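Visitor: model the structure of this input:
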Amino acid sequence: MAKGGTSQRVLVAGAAGFIGSHLCDALIHRGDTVIGLDNFYTGLPRNIAHLKEHPQFTFVRADVIDPLPLSLRADLIFNLACAASPPHYQADPIHTMLTSVMGTRNLLALAADCGARFVLASTSEVYGDPLVHPQVESYFGNVNQTGPRACYDEGKRAAETLCFDYMRAGRADVRVARIFNTYGPRMRPDDGRVISNIITQALENRDITIYGDGAQTRSFCFVNDLVAGLLLLASHRSAIFKAINLGNPTELTVCELAARVLAMTGSRSSIALMDLPVDDPKRRKPDITAAQRLLGWTPKVPLEEGLRDTIRWFAAGHLKPTVQDRRQRVRASHQINSPRSA
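Guide: Residues are numbered from 1 along each chain as shown. So this is what the prediction gives:
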């Protein structure tokens, strides 16, 4: 909601995704009207099914790479439209890169036309396998620009560049969030991320697959905290000419995470060590000084509490993709790979 308590018309690209669907809920809860846009390549219809008949929610099925519907208008635009887990973004790396670059360009052009503020969901992956720890926004990163993860890492770096070029040109008011590992209900069980992998495997008493020796670190932020940070960033009155880290600085190893999940689920799973993927980061921890100072934002949900909610959600029947989930992904994949008009 804009300052003065007036409702805004907000476009959320990637609305059916894990984070995007929670963002839609939060925007509607505060009184905004939301237009959700998604192609269902990785987003799930069930994530927004509860909003289908809501008077403040409208859904548009579209791919941000394509020309956007001329009827779209907004006061605020969030761009969360991109596959965000390695198995998904590496499945179609060309589309991943184009989603970040062409999709961001199309949404920025819409923001410029509407006079809307634009918020890009960038990623901690722009830091690559970092040589600076913890990662601060001024660090340029250590990215392998020709590696198998580059479609996502470099795509997001290019998207950030587009945002700040639009801002320097006076064409759009932008905010850029670099999102670190986020978890919570509505994660896909097949997204290949460490928390969803470990929880689903533990609940089914399957081997817990850990890549490398498990000594690599991650910092996990509960989705409600992340959404709160995005809203604060979007509503910050002054221009911010740099990206802002949003993540939980509590750092732990993958082995420590697995031990916590095993204890919380009472699982009989064993640990199975696998080869570390190419360019997988060894350490990941955000420096959130800028978010604390500029936004007054600090994550509040302890890992134990967030894991409990996430385990409960997966245990309630979300351990496998549904038939509908698979069909939607196949349909979206066919649409993405079909010839496009010039």
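Visitor: any chance you could map the helices in the protein?
Guide: Taking DSSP state H, the helices of the chain run over residues 18-29, 86-91, 93-98, 104-114, 150-168, 194-203, 223-235, 254-265, 289-295, 303-315, 323-337.
Visitor: show me what the fifth one is in contact with.
Guide: Put plainly, it is helix 150-168. If you take CB atoms under 8 Å, 6 or more residues apart in numbering as the criterion, helix 150-168 is touched by 79, 82-84, 86, 89-90, 93-94, 96-101, 104-105, 108, 111-112, 118, 120, 122-123, 125-126, 128, 141, 143-145, 172-174, 176, 239, 241, 243. Just so you know, the C-beta spots here come from the backbone N, C-alpha and C atoms, and that holds for glycine as well.
Visitor: returning to that earlier point: and the helices of the chain as JSON lines, adding distance to residue 283?
Guide: Shown next, in JSON lines, are the helices of the chain (distance: least, CB to CB, whole Å):
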{"stretch": "helix 18-29", "distance to residue 283": "23"}
{"stretch": "helix 86-91", "distance to residue 283": "17"}
{"stretch": "helix 93-98", "distance to residue 283": "24"}
{"stretch": "helix 104-114", "distance to residue 283": "28"}
{"stretch": "helix 150-168", "distance to residue 283": "16"}
{"stretch": "helix 194-203", "distance to residue 283": "14"}
{"stretch": "helix 223-235", "distance to residue 283": "20"}
{"stretch": "helix 254-265", "distance to residue 283": "11"}
{"stretch": "helix 289-295", "distance to residue 283": "18"}
{"stretch": "helix 303-315", "distance to residue 283": "17"}
{"stretch": "helix 323-337", "distance to residue 283": "32"}
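Visitor: nearest to residue 213, of those helices?
Guide: Nearest of the helices of the chain to residue 213, taken as CB to CB: helix 254-265 at 7.9 Å.
Visitor: just checking, what packs against that closest one?
Guide: Under the contact criterion of 3 or more CB pairs under 8 Å, 6 or more residues apart in numbering; DSSP states H and E, helix 254-265 touches helix 194-203, strand 208-211, strand 217-219, helix 303-315.
Visitor: hmm, try it at 6 Å
Guide: Using 3 or more CB pairs under 6 Å, 6 or more residues apart in numbering; DSSP states H and E, the elements in contact with helix 254-265 are helix 194-203.
Visitor: what angle separates the helix it packs on from helix 303-315?
Guide: With axes from the mean of the first three to the mean of the last three CA atoms, to 10 degrees applied, the angle from helix 194-203 to helix 303-315 works out at 60 degrees.
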